[in-house]
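*Asks:* I'd like to go over a predicted model; first the sequence, then the structure.
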Amino acid sequence: MTAPLDNAVEAPLPVAPPVIRVRGVVKRFGGAAALKGVSVDFRPGEIHALMGMNGAGKSTLVQLLAGVHAPDAGTIEVGGAAHDHLTPRQARRLGIATVPQRRELVLGLTVAENVMLGALPGRGGFVDRRAMRATARDALRQLGIDLDVDRTVADLTVPEQTMVEVAREVNRGGDALILDEPTACLGAEDAEQIRALVRRLSAAGKAVIYISHHIDEVLGLADRLTVLRDGEVVAGAAAGEMDERSLVRAMVGREVVSVRPPRRAPRPEVGLALTGLRDGRFIEHLDVEVRRGEIVAVLGPAGDAQSRLFDLVSGRRRPGGGAFAVDGRAVPFGRVGRSLGAGLRCVTGDRRTLGLVPELSVDENVMLAHDRLHRRRLHFPAALARRAAPLREAYKVRALQRNPAVGRLSGGNQQKVLLAKWLGTDPAACFLEEPTNGVDVAAMAEIHALIDALADRGVAVLLASSSAEEVMRLAASVLAVRGGRAVAGFDVDAVTREELIAAVLGGALREPQPRPALQGDPT
Ligand SMILES: Nc1ncnc2c1ncn2[C@@H]1O[C@H](COP(=O)(O)OP(=O)(O)OP(=O)(O)O)[C@@H](O)[C@H]1O
């Protein structure tokens, strides 16, 4: 997007003045600073990536821009006027629009109605549907989005829904668009559609503020990078001036190396067995056997069988047929208590709605499963804190306050709480759905090491993932699924990443995550 910088040879190209200038902003939560004097400029026509580890302050910064929080010090200058804080309404009026990770659309309404939400054209007290459809069509066309405006939003794919939301924000006058991990959990093709839209936004002169943990993606997309660490800007550069290594170093403060331990021979006992599993729609037929001490992966395109498998194995839904057993004992489907009693722990990939209770504290969430299993009802805060402390430490849960509501943690730290909650309960077998969703490069290496340690302790680990890198890092064998049916089985040491991707669906797997350098001897 921007011309390569070669200041030594040529005079720098004129750069557009910033649409937003952030100067020295400080934000404290309960006395602890999430942002410690951050200054950064966002320019029109520029894709500006905000990078940083979990809890670095990225979301807090964009929340100040969107008027969700007020800074404790510093200013936000928009279009030349300085503000010591913005309200959400002001931010929107000034053209700052946010497209959060979770879609904010009315699913039962059409594309046109959603694009025009809040600005429906009226005639004689009625909505002028013709004008509404025409304006929506035009708004989509201007962004190069090819969608039928009469379709119901519930029927759209996830990337199509993201596009509708972006179109709505631009139609409402958004000049600076904040996109928070818009490609998280998307397959490669869907993610590319979103990136193409982002490029069109910047070509149309919009300032794009892009939060992502995907290093490859950011290096290929962004014009400018700002790295936050512990609430401070530690690097700011044109994208061409940083590579994967310098970016990881800036984010983490050191190199990140993931050590893959030699794979131990699993024990002979089968810890978890799924036989002939089918649910009529997402899973056609699945047989999987995981021995104690083994990690077996089910690799499929993002959104394919993984979450349905979680629903079936965890007891949320009953399948159309099949059987499952833990440690050789049959467990009835749909009976959460029975499968917990048998020693199976299932960790959802949807921490927000299924995994955690956002209003409860970190300690309460960490101990929730434990206390349920041991039928504990009384919670004396000091005792709870004492019991939660070793798990918080093992899973490196970081928060500004000692024990905030879990909903206040950064996304990656919420993921660590979820893993601690279930895996700290001494499982015989576990099912992990996308366990490193939204975590940073360092946390990913730590979580992978914790999963290795589970297998070392003899736990049977079934991993459902849409990341070829992740399954190659963790599993000994991989079952590739496509359309809910197992299409091939692989020994990880005898397959390449490309072969895995080809088996699943020619590139529809999750985007490569930040990749810690790998050390170790996969025997
Ligand atoms: N409302 C809040 N109350 C208390 N602490 C908060 C609140 N919002 C954020 N924090 C804390 O501020 C710090 C920065 O969080 P933030 O969500 O900005 O990080 P992030 O860089 O977006 O991380 P991630 O990549 O995990 O999403 C974290 O320690 C978080 O727990």
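*Replies:* Great, that's in hand.
*Asks:* What's the end-to-end length of stretch 206-216?
*Replies:* 23 Å (Cα to Cα, to the nearest Å).
*Asks:* Pull out the buried positions in it.
*Replies:* 206, 207, 208, 209, 210, 211, 212, 213, 214, 215 (16 or more other Cβ atoms under 10 Å). For glycine as for every other residue, the C-beta is placed from the backbone atoms N, C-alpha and C.
*Asks:* That stretch near the ligand anywhere?
*Replies:* No: Stretch 206-216 is not in contact with the ligand by Cβ under 6 Å from any ligand atom; minimum separation 6.6 Å.
*Asks:* Count the neighbours of residue 148 for me.
*Replies:* Close neighbours of residue 148, defined as other Cβ atoms under 10 Å, add up to 11.
*Asks:* give me every residue that touches the closest residue to it other than its chain neighbours.
*Replies:* Excluding its sequence neighbours, the residue lying closest to residue 148 (Cβ to Cβ, 6 or more residues apart in numbering) is residue 111, at 6.9 Å. Shown in contact with residue 111 (Cβ atoms under 8 Å, 6 or more residues apart in numbering): 136, 140, 147, 148, 149, 150, 151, 153, 156, 164.
*Asks:* Tell me how many other residues surround the closest residue to the ligand within the stretch 401-523 of the chain.
*Replies:* Across the stretch 401-523 of the chain, no residue is closer to the ligand than residue 410, which sits at 3.1 Å (Cβ to the nearest ligand atom). Here the number of neighbours of residue 410 (other Cβ under 10 Å) works out to 24.
*Asks:* ok, for it, nearest residue in space, not its chain neighbours?
*Replies:* Residue 410's closest residue in space is residue 55 (Cβ to Cβ, 6+ apart), at 4.1 Å.
*Asks:* Remind me which helix or strand that neighbour belongs to.
*Replies:* Using DSSP states H and E, residue 55 is not contained in any helix or strand.
*Asks:* what's the answer for residue 217, then?
*Replies:* Using DSSP H and E, residue 217 falls in helix 215-221.
*Asks:* How about residue 413?
*Replies:* helix 411-423.
*Asks:* ditto for residue 77
*Replies:* Using DSSP H and E, the element containing residue 77 is strand 73-78.
*Asks:* List the contacts of residue 310.
*Replies:* 316, 346, 348, 349, 431, 433, 464.
*Asks:* Look up the closest residue to the residue of the stretch 251-400 of the chain found nearest the ligand, ignoring the ones flanking it.
*Replies:* At 4.2 Å from the ligand, residue 400 is the closest residue in the stretch 251-400 of the chain, using Cβ to the nearest ligand atom. Spatial nearest neighbour of residue 400, excluding adjacent residues (Cβ to Cβ, 6+ apart): residue 32 at 3.7 Å.
*Asks:* Tabulate the contacts of residue 310 (JSON lines), appending secondary structure and distance to the ligand.
*Replies:* Compiled in JSON lines, the contacts of residue 310 are given as follows (DSSP: H, G, I helix; E, B strand; the rest coil; distance: Cβ to the nearest ligand atom, whole Å):
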{"residue": "316", "secondary structure": "coil", "distance to the ligand": "26"}
{"residue": "346", "secondary structure": "strand", "distance to the ligand": "23"}
{"residue": "348", "secondary structure": "coil", "distance to the ligand": "18"}
{"residue": "349", "secondary structure": "coil", "distance to the ligand": "16"}
{"residue": "431", "secondary structure": "strand", "distance to the ligand": "24"}
{"residue": "433", "secondary structure": "strand", "distance to the ligand": "19"}
{"residue": "464", "secondary structure": "strand", "distance to the ligand": "22"}
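*Asks:* quick revisit: so which of the contacts of residue 111 comes closest to the ligand?
*Replies:* Nearest to the ligand among those is residue 164, at 23.9 Å by Cβ to the nearest ligand atom.
*Asks:* So the closest one lies in a helix, does it not?
*Replies:* Yes: membership of residue 164 in a helix is supported by DSSP: H, G, I helix; E, B strand; the rest coil.
*Asks:* The contacts of residue 111 in helices, which ones?
*Replies:* Using DSSP state H, 136, 140, 164 are the members of the contacts of residue 111 that sit in helices.
*Asks:* now the residue lying closest to the second one once chain neighbours are set aside, what's its secondary structure?
*Replies:* Going back to what we said before, that points to residue 140. Nearest in space to residue 140, with sequence neighbours left out and distances taken as Cβ to Cβ, 6+ apart, is residue 167 at 5.3 Å. Assigned by three-state DSSP, the conformation of residue 167 is helix.
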